[in-house]
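Trainee: fold the following and give me the result.
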Amino acid sequence: MNNKKLLMLVEIAIFAGIGVVLDQFSFSLWAQGGSISFVMLPILIIAVRWGMLAGMTTGLLIGVLQMLFGAYILHWAQALLDYVVAFSVVGSAGVFRKQIIKAANEVDKKNIVLYIVLGIVLGGLLRYAAHSLAGVVFFSEYAGDQNVWVYTLIYNGSYMIPAIILTAIAGSLLFTAAPRLLKSK
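Mentor: Now for the predicted structure:
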């Protein structure tokens with residue numbers, strides 16, 4: 001194994017651990033689950049530094065670790081949607097890696113911010129979709145008489161939209177203040 005690949009694997013492991021810790025410092029709105037935290041930030045960092053696959057691997061590890069540390073699981077498919085899929089897809093923010101690196105090389109902070117925001121919005125919305133699908137399938141009894149799709153979109157949106165916004169702001173500030181973090185050695 002070459003040094004660069006080893007460094008990537010070590011960073012994935014460290015940032016997955018950081019993600020789990022960051023998720024512990026969260027603001028929870030609802031007793032049934034869902035919280036506003038910076039758990040997506042380490043996934044974004046790895047996705048930008050190493051690419052989409054590394055970001056998705058980091059998200060996968062975070063989801064699995066969350067399941068090990070006491071997740072609320074009703075069914076194996078719900079666990080896959082709410083933890084494995086939901087956090088893995090955040091790594092799709094790495095789809096904008098080339099544009100972010102190019103903007104950093106050109107010292108174009110406006111485009112760094114633009115592509116960081118687009119990346120986390122993409123990854124965050126995909127996570128939102130996974131949580132919403134799990135909500136419709138496994139938590140429909142909480143909707144009562146209202147439409148289950150409307151209920152789950154509002155419920156999951158109440159914490160996912162603020163989490164996406166906060167992560168986009170934090171990621172933009174981090175990468176514009178320290179653009180050297182964008183480059184893997």
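
Trainee: going forward, measure contacts between C-alpha atoms and count neighbours the same way
Mentor: Will do.

Trainee: and the strands in this protein, which stretches?
Mentor: Remark: strands assigned in the chain by DSSP state E are 27-28, 35-36.

Trainee: and the ones you listed, which one averages the lowest pLDDT?
Mentor: Out of those, strand 27-28 stands lowest, with a mean of 66 (criterion: mean pLDDT).

Trainee: tell me which helix or strand of the chain sits lowest on mean pLDDT?
Mentor: strand 27-28 (a mean of 66; mean pLDDT, DSSP states H and E).

Trainee: where's the residue most central in space within the chain relative to residue 23, distance?
Mentor: By CA atoms, centre = their mean, the mean C-alpha position of the chain lies nearest to residue 40, the distance being 3.2 Å. Distance, residue 40 to residue 23, by CA to CA, to the nearest Å: 9 Å.

Trainee: show me where this protein has helices.
Mentor: 3-24, 40-50, 52-68, 76-79, 86-88, 97-105, 109-138, 148-177 (DSSP state H).

Trainee: low-confidence ranges in the protein?
Mentor: Confidence mapping of the chain against pLDDT under 70 gives the ranges 1, 27-33, 183-185.

Trainee: specify the residue positioned farthest from the middle of it.
Mentor: residue 145 (31.7 Å).

Trainee: residue 10 versus that residue, what's the distance?
Mentor: 49 Å.

Trainee: ok, now residue 87?
Mentor: 19 Å.

Trainee: what do you get for residue 47?
Mentor: In this structure, residue 47 and residue 10 are 14 Å apart, going by CA to CA.

Trainee: neighbour count winner among these two?
Mentor: residue 47 (29 against 12; other CA atoms under 10 Å).

Trainee: isn't that one right up against residue 59?
Mentor: No. If you go by CA atoms under 8 Å, residue 47 and residue 59 don't touch, sitting 9.6 Å apart.

Trainee: overlap of the contact sets of those two?
Mentor: Among the neighbours of residue 47, those also in contact with residue 59 (CA atoms under 8 Å, 6 or more residues apart in numbering) are residue 91.
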